[in-house]
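Novice: With the sequence up front, the predicted model follows.
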Amino acid sequence: MAITRRQLIKTGIWGSTGLVTLRLLVGPFQSTIQLPQNSEYEFLFLREADKKVLAGIIPVMLEQALGDTEQEKENSLHWVLQGVDEAILGLTPSIQDELRELFMLLYFAPTRRLLARVWNPWLEATGEEIRNFLEQWRNSRFILLQTAYQALHELITAAWYANPASWDSIGYDGPPII
Amino acid sequence: MIQDFFTEGIQSGWIVRDGAQLQEDLLLETEVVVIGTGAGGGVSAEILSQAGKEVLMIEEGPLKTSSDFHMKELEAYPSLYQESGSRKTADRGITIYQGRAVGGSTTVNWTTSFRTPEETLRVWQERHGLVGFSSVEMQPWFDLMEKRLGISDWLIPPNENNDVLRRGCEKLGIPTHRIRRNVKGCFNLGYCGMGCPTNAKQSQLVTTIPKVLESGGQLFYSLRAEYFVHDKGQVKELVCSAMDQRGTRPGKRTIRIRAKSFILAAGAIGSPALLLRSNLPDPYQQIGRRTFLHPVCVSGAVMPFEVSAHFGAPQTIYSDHFLQQSPPEGPIGYKLEVPPVHPVLAATTLKGFGLDHVKIMKEFPNLQITLALMRDGFHEESQGGQVKLKKDKTPVLDYPLTPYLWEGVRRALLSMAEIQFAAGAKQVLPVHEDSLPYTSWKQAKVAIEQLPMEVLKVLLVSAHVMGGCAMGQDESNSVVDSSGKLHSMNNVYVIDGSAFPTSVGANPQLSIYALAAKQATQLLKELKS
Ligand SMILES: Cc1cc2nc3c(=O)[nH]c(=O)nc-3n(C[C@H](O)[C@H](O)[C@H](O)COP(=O)(O)OP(=O)(O)OC[C@H]3O[C@@H](n4cnc5c(N)ncnc54)[C@H](O)[C@@H]3O)c2cc1C
Ligand code: SF4
């Protein structure tokens, strides 16, 4: 990656000062593309902005695992978003704060462009752009970016494969009946 | 329907309270408080209560019983594991699995039962000055606990996942052995890690804790022990926070408990954390030091036949061949075993994303996974990690990964790949961010020799946290004495896996049961005199 360690520190990923500034800067969230609304589940951690970030990343992380038709994919996306929300709620407060900051960095255009190299908002970015982002963070020399990639990998793959809807595709019959 | 006798017991009048339901602050008094209800806490509480002591057990996690165990990862990890199963070391290099529920890690453990290896006991006596820990002195305690918890030979044939390890080793002339288990009437389901739905696993949840409650002892769950209030070498009071409904944060209510004696059994990481929060005298800064993990590296194999590694008793075969090649003080040795493989565990363990990940997940039925558990804590360059407190006073383990360990990890990845190919694997996938699925032993060998051994690159996990309140007679390198008594306080005893001065070098539960039986019995004598 072309950014220097110094820039990274200044951006304040997981730093204490970055958080407040970002909160002010991110402001009201707007995007022309709307997320499908799931009426039943009430998200307690993920906000609209976080969901947009994830809705961009999830289909690239999981690819065809999400299903074949548009309808299937959309349903699966709901499940994964909900699963990620639930999983984060079970983490410690300090890890929740880190994830809050990570999602803000990924949403906020300047940091998204600088750190993730994704030019357009997540829902408009191409699969290729997002794949490159994941690959770069996965192999980054910066431990923090590697850690962030691994956190996304863990949250998203766990949320999907915890869901019975995914089991057929991997040949898992589910728990036995006793 | 399987009988849920814990719930029936509560209906029949056991004194069991839920911190999350608490409407007011409380001040309680009792003879003995046991903090933590896992391997150490359960056994200690039983021994004391059966001798007529008034015992109050405190548990931070929730109470879940057999009828709650639906064999679903989605439910099990958030409700039964520390940090939902994603606790990590400070640099995120190692994922740590620990239980967090009534019964502690025994509620979710895999029932594998080993006595403490002889050479480990030898090092504890020779190098750490422990008194009373020779194999002869420990023998009666192993006998006692094996009987109490139904530990016996497992006669049903191993599942395919275990048998691949056995066959691969056999081809290479590496000896393997059968694992003993603490079960009674086991259905051979393989879901021990999500709570046993049939009450077959003889965890603390179905053995010692019910016994304590039957004889009038009390249990308070969803209650986090925060710190001790002490004065002149004596702990006066334990201050606890009731947890909120979700159980991840302390709620509003505080409970103070006064007692004559305090048994600290919150497990490794948990026990030293409580001591650190209590600002106890610690002149040599030993609290939390020397915390060990048996760091585990992982090798996946795609077999040309169905393995169904999620099904059947999780661990039934092991090999100590690579532990026995050198003495504990030499290059790091490792024990080979296999894990149960369920979808979430597989998906989060297997590296890569997108199509690569989809492809390997499609092999789920044919996946065989082998584990190598490193014996840490016996060599100068293996001093373990240190428990520290975060700003919010919750613990984190800082465990530096040293070249000594990495050398062993590389050797272990090689051994496992060779064994998997010998058993007929089509592909072997050492779990590492840079590795590819390899199709021959020759190819894998060349690749593994080149893989960078670096934090975050290699997947490392641990389900065996030990140490942090090391036993020893010398205060400059220990926290408690050989009886478990805190050097700095007269009425606090650490009786759990945190008391070990090194790792065990074998799955630790039986070592902790025997330790607890021994220490609690001795404490009882002291309390009587
Ligand atoms: C998934 C898994 C599989 C395993 N499989 C095996 C196996 O097959 N064989 C084997 O030998 N070992 C196995 N182990 C390890 C073994 O179960 C543990 O080493 C053992 O249970 C540890 O005993 P302990 O008493 O030290 O702590 P634990 O059993 O972990 O109990 C500690 C308890 O204290 C509670 N606690 C922590 N802090 C506080 C606080 N501040 N206030 C109140 N309560 C607190 C925790 O919630 C927990 O319930 C496994 C562990 C896991 C996680
Ligand atoms: S394998 Fe046996 S002990 Fe484990 S969950 Fe199944 S019935 Fe219980």
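Specialist: Great, that's in hand. Residues are numbered from 1 along each chain as shown, chains lettered A, B, ... in the order given. Ligands and ions are numbered 1, 2, ... in the order given.

Novice: drop to CA atoms for contacts and neighbour counts, all remaining ones
Specialist: OK.

Novice: got a pLDDT number for the residue nearest the centre of chain A?
Specialist: Centre of chain A computed as the mean C-alpha position; nearest residue by Cα atoms, centre = their mean is A:Leu54, 3.4 Å away. Looking at A:Leu54, its pLDDT is 98.

Novice: thought it was touching A:Gly83?
Specialist: No. Using Cα atoms under 8 Å, A:Leu54 is not in contact with A:Gly83; the gap is 11.7 Å.

Novice: joint contacts of these two?
Specialist: When Cα atoms under 8 Å, 6 or more residues apart in numbering or on different chains defines a contact, no residue borders A:Leu54 and A:Gly83 alike.

Novice: on that earlier part again, ok, and the closest non-adjacent residue to the residue nearest to the centre of chain A?
Specialist: Leaving aside its sequence neighbours, A:Leu54 sits nearest to A:Leu81 (Cα to Cα, 6 or more residues apart in numbering or on different chains; 7.3 Å).

Novice: burial of that neighbour, as a residue count?
Specialist: Look at A:Leu81: counted by other Cα atoms under 10 Å in any protein chain shown, it has 24 neighbours.

Novice: May I have the predicted confidence score for it?
Specialist: pLDDT at A:Leu81 comes out at 96.

Novice: Buried residues of the strand or helix carrying it, list them for me.
Specialist: Per DSSP states H and E, A:Leu81 falls inside helix A:70-89. Of the residues in helix A:70-89, A:73-89 count as buried by neighbour count, 16 or more other Cα atoms under 10 Å in any protein chain shown.

Novice: for stretch A:105-125, same thing?
Specialist: Buried, per 16+ other Cα under 10 Å, within stretch A:105-125: A:105-109, A:111-119, A:121-123.

Novice: dump the residue contacts of the closest residue to B:Ile360 other than its chain neighbours.
Specialist: Of all residues not flanking B:Ile360 in the chain, B:Leu350 sits nearest, at 7.9 Å (Cα to Cα, 6+ apart). Counting by Cα under 8 Å, 6+ apart, B:Leu350 touches B:His357, B:Ile360, B:Val431.

Novice: just B:Glu363 next, same as before
Specialist: Here B:Glu363 is in contact with A:Ile170, B:Val302 (Cα under 8 Å, 6+ apart).

Novice: my guess is B:Gly333 meets B:Pro295, correct?
Specialist: No. The pair B:Gly333 and B:Pro295 does not pass the contact test of Cα under 8 Å, sitting 11.2 Å apart.

Novice: Find the residues that touch each one of the two.
Specialist: Residues within reach of B:Gly333 and of B:Pro295 at once, by Cα under 8 Å, 6+ apart, are B:Met374, B:Arg375.

Novice: List the buried residues of the strand ranked longest in chain B.
Specialist: For chain B, the strand with the greatest residue count under DSSP state E is strand B:250-264. For strand B:250-264, a neighbour-count test (16+ other Cα under 10 Å) marks B:250-251, B:253-264 as buried.

Novice: could the residues you listed go into CSV alongside pLDDT?
Specialist: Shown next, in CSV, are these (pLDDT from 0 to 100):
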residue, pLDDT
B:Pro250, 94
B:Gly251, 93
B:Arg253, 97
B:Thr254, 98
B:Ile255, 98
B:Arg256, 98
B:Ile257, 98
B:Arg258, 98
B:Ala259, 98
B:Lys260, 97
B:Ser261, 98
B:Phe262, 98
B:Ile263, 98
B:Leu264, 98
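
Novice: From those, pick the one nearest chain A.
Specialist: Proximity of those to chain A (Cα to the nearest Cα) peaks at B:Pro250, which lies at 10.5 Å.

Novice: Return the residues in contact with the closest one.
Specialist: B:Pro250 makes contacts with B:Arg224, B:Ser241, B:Ala242, B:Met243, B:Asp244, as judged by Cα under 8 Å, 6+ apart.

Novice: can you list the weak-confidence ranges in chain A?
Specialist: By pLDDT under 70, the weakly predicted segments of chain A are A:1-39.

Novice: List the contacts of the residue of it found nearest ligand 1.
Specialist: Of all residues in chain A, the one sitting closest to ligand 1 is A:Thr92 (13.6 Å; Cα to the nearest ligand atom). Contacts of A:Thr92 were listed using Cα under 8 Å, 6+ apart, and they are B:Glu83, B:Thr248, B:Arg249.

Novice: Produce a PyMOL select command limited to the buried residues of the residues you listed.
Specialist: Buried subset of those, written as a PyMOL selection, criterion 16+ other Cα under 10 Å:
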select buried, chain B and resi 83+248+249
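
Novice: ok, which of the contacts of A:Thr92 also contact chain A?
Specialist: Among these, the residues that sit close to chain A (Cα under 8 Å from any Cα of the partner chain) are B:Glu83, B:Thr248, B:Arg249.

Novice: Sort those residues by pLDDT and name the bottom one.
Specialist: pLDDT across these is lowest for B:Thr248, at 88.

Novice: Now B:Arg289. Nearest residue, chain neighbours left out?
Specialist: The spatially closest residue to B:Arg289, leaving aside those adjacent along the chain, is B:Gln386, at 4.4 Å (Cα to Cα, 6+ apart).

Novice: That neighbour: neighbour count?
Specialist: 24.

Novice: any idea which helix or strand carries it?
Specialist: In the assignment (DSSP H and E), B:Gln386 maps to strand B:386-389.

Novice: Show the contacting residues for the closest residue in space to B:Gly104 that isn't next to it in sequence.
Specialist: Nearest residue to B:Gly104, sequence neighbours excluded (Cα to Cα, 6+ apart): B:Gly38, at 3.8 Å. B:Gly38 is in contact with B:Val102, B:Gly103, B:Gly104, B:Ser105, B:Thr106, B:Thr107, B:Gln204, B:Ala265, B:Ala266, B:Gly267, counting by Cα under 8 Å, 6+ apart.

Novice: swap in B:Ile58?
Specialist: Applying Cα under 8 Å, 6+ apart, we find B:Ile58 in contact with B:Val33, B:Val34, B:Ile35, B:Gly36, B:Thr37, B:Leu219, B:Phe220, B:Tyr221, B:Leu223, B:Arg224, B:Ala225.

Novice: Of these, which is the nearest to B:Thr502?
Specialist: Nearest to B:Thr502 among those, counting by Cα to Cα, is B:Gly36 at 21.4 Å.

Novice: Skipping adjacent residues, who's closest to that closest one in space?
Specialist: Leaving aside its chain neighbours, B:Gly36 sits nearest to B:Ala266 (4.3 Å; criterion: Cα to Cα, 6+ apart).

Novice: for the one you found, helix, strand, or coil?
Specialist: Secondary structure assignment for B:Ala266 (DSSP: H, G, I helix; E, B strand; the rest coil): coil.

Novice: so it touches B:Val33, yeah?
Specialist: No. Taking Cα under 8 Å as the definition, B:Ala266 is not a contact partner of B:Val33, at 11.9 Å.

Novice: Settle it for me: which of the two has more neighbours?
Specialist: Neighbour tally, B:Ala266 and B:Val33, criterion other Cα under 10 Å: the higher count belongs to B:Ala266, 31 against 26.
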